[in-house]
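Visitor: What shape does this take:
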Amino acid sequence: MEKFYTMPIEELAKTSNIKLDVCDNETDMYWKVAIEVLEVIEENNKKGKTTFMIVPYGPLGPYFRLVHLVNKYRVSLKNCVFCNMDEYVTDDKKFIAKDDPLSFRGGMDRIFYSQIDEELNVLPENRYFPDPENPNIVLELIEKYGVPDMVFGGVGINGHYAFNEPPEEGEACTNEEFLNRQTRVLEVSRETRTINGFMNAGGNFLAIPKYCITVGMKEMYMAKKVRMCMPRDWNAGALRRILSGVVDCHTPCSLFQNHPDAVLYAGREALLPPVPAIRVYNK
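Guide: Residues are numbered from 1 along each chain as shown. Take a look at the predicted model:
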């Protein structure tokens, strides 16, 4: 077993180029992320600059808090451009229906855009998703607005960001090649479908679409700030690989070791050593 799976997390963090921010629980994590997002927006508003962010649908927690902060403190999002990281697509590579419970487009409307006071809200024309029929849209936004001010989101069980799944076993791919992958349609890995089925479909991983459209690592790596969220116990294995100092595209978020401003927000459950243990169950 690799040493980094069992070494104290404090020791591991000292050797990492990614800053580790330990959160006592998910609630603290989501407040931290929401506040940081708000601070970027407020700073740009004062300068009269557009805020351009690549944002997730999940985790949902930061959005509930951001809604509260924006409405309470009357922070305008009128000069914001939000591009979501990803969306599920059908077998024929079209968006799944917006009213599908698994749709990220529908979810963003339900939990965020519809909850912001209209006079403060992101303009409808500034709400983007990567488009399977126009995968160049994200690079076009970067050309128009400059590099993203921030990208934030959860990290997958295999260390992926958005739906940038690791190279398949036996696939020849260098770190540089992986970082150059742009927005595209791809097949969702079995482990991602399984964990998403556990979280979003009562364990029915067969309900999770087989394909998705995702913003590429190329576009996200351009962001001035990269923020990763890992709140749960099943994050522990990938978290330690990400922080280990080993930069390997088979754990995609480890590539942010070389980013100038990358922070990993981690819950305490995600910091426990992911080692086999004898478990005793009640008889």
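
Visitor: quick one: the helices in the stretch 51-200 of the chain?
Guide: 61-73, 104-111, 137-145, 175-179, 190-200 (DSSP state H, counting those that start in this stretch).

Visitor: Can you tell me which helices and strands the first one packs against?
Guide: Packing contacts for helix 61-73, counted by 3 or more CB pairs under 8 Å, 6 or more residues apart in numbering; DSSP states H and E, involve helix 26-47, helix 104-111. C-beta here means a position set from N, CA and C on the backbone, and glycine is covered the same way.

Visitor: Extract the CA atoms of it and return them as PDB.
Guide: Provided in PDB are the C-alpha atoms of helix 61-73 (Å, rounded to 0.1, in the frame of the first residue of the first chain):
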ATOM      1  CA  GLY A  61     -24.600  23.400  -0.500                       C
ATOM      2  CA  PRO A  62     -22.800  26.600  -1.700                       C
ATOM      3  CA  TYR A  63     -25.800  27.700  -3.700                       C
ATOM      4  CA  PHE A  64     -28.300  27.800  -0.800                       C
ATOM      5  CA  ARG A  65     -25.800  29.900   1.100                       C
ATOM      6  CA  LEU A  66     -25.000  32.100  -1.900                       C
ATOM      7  CA  VAL A  67     -28.700  32.800  -2.400                       C
ATOM      8  CA  HIS A  68     -29.000  33.900   1.200                       C
ATOM      9  CA  LEU A  69     -25.900  36.200   1.000                       C
ATOM     10  CA  VAL A  70     -26.800  37.800  -2.300                       C
ATOM     11  CA  ASN A  71     -30.400  38.500  -1.300                       C
ATOM     12  CA  LYS A  72     -29.500  39.700   2.200                       C
ATOM     13  CA  TYR A  73     -26.600  41.900   1.300                       C
END
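
Visitor: which residues are contacting it?
Guide: 26-27, 29-31, 33-35, 37-38, 75, 77, 111-112, 115-117, 120, 152 (CB atoms under 8 Å, 6 or more residues apart in numbering).

Visitor: Show me just the buried residues among these.
Guide: By neighbour count, with 16 or more other CB atoms under 10 Å, these hold 26, 29-31, 33-34, 37-38, 75, 77, 112, 115-116, 152 as buried.

Visitor: closest to residue 255 among those?
Guide: Within those, the smallest distance to residue 255 is 16.3 Å, found for residue 152 (CB to CB).

Visitor: Tell me what the closest one is bridged to.
Guide: Judged by DSSP bridges, the bridge partners of residue 152 are residue 227.

Visitor: which residues does it contact?
Guide: With CB under 8 Å, 6+ apart, residue 152 has these contacts: 33, 36-37, 53, 55-56, 62, 225-229.

Visitor: Repeat that for residue 34.
Guide: 62-63, 65-66, 69.

Visitor: Return the per-residue confidence for it.
Guide: pLDDT, residue 34: 98.

Visitor: just use 54 as the starting number from now, easier for me
Guide: Got it, first residue is 54 now, which makes that one residue 87.

Visitor: what about the residue nearest to it when sequence neighbours are not counted, how many neighbours?
Guide: Nearest non-adjacent residue to residue 87, counting by CB to CB, 6 or more residues apart in numbering: residue 118, 3.7 Å away. Using other CB atoms under 10 Å, residue 118 is surrounded by 18 other residues.
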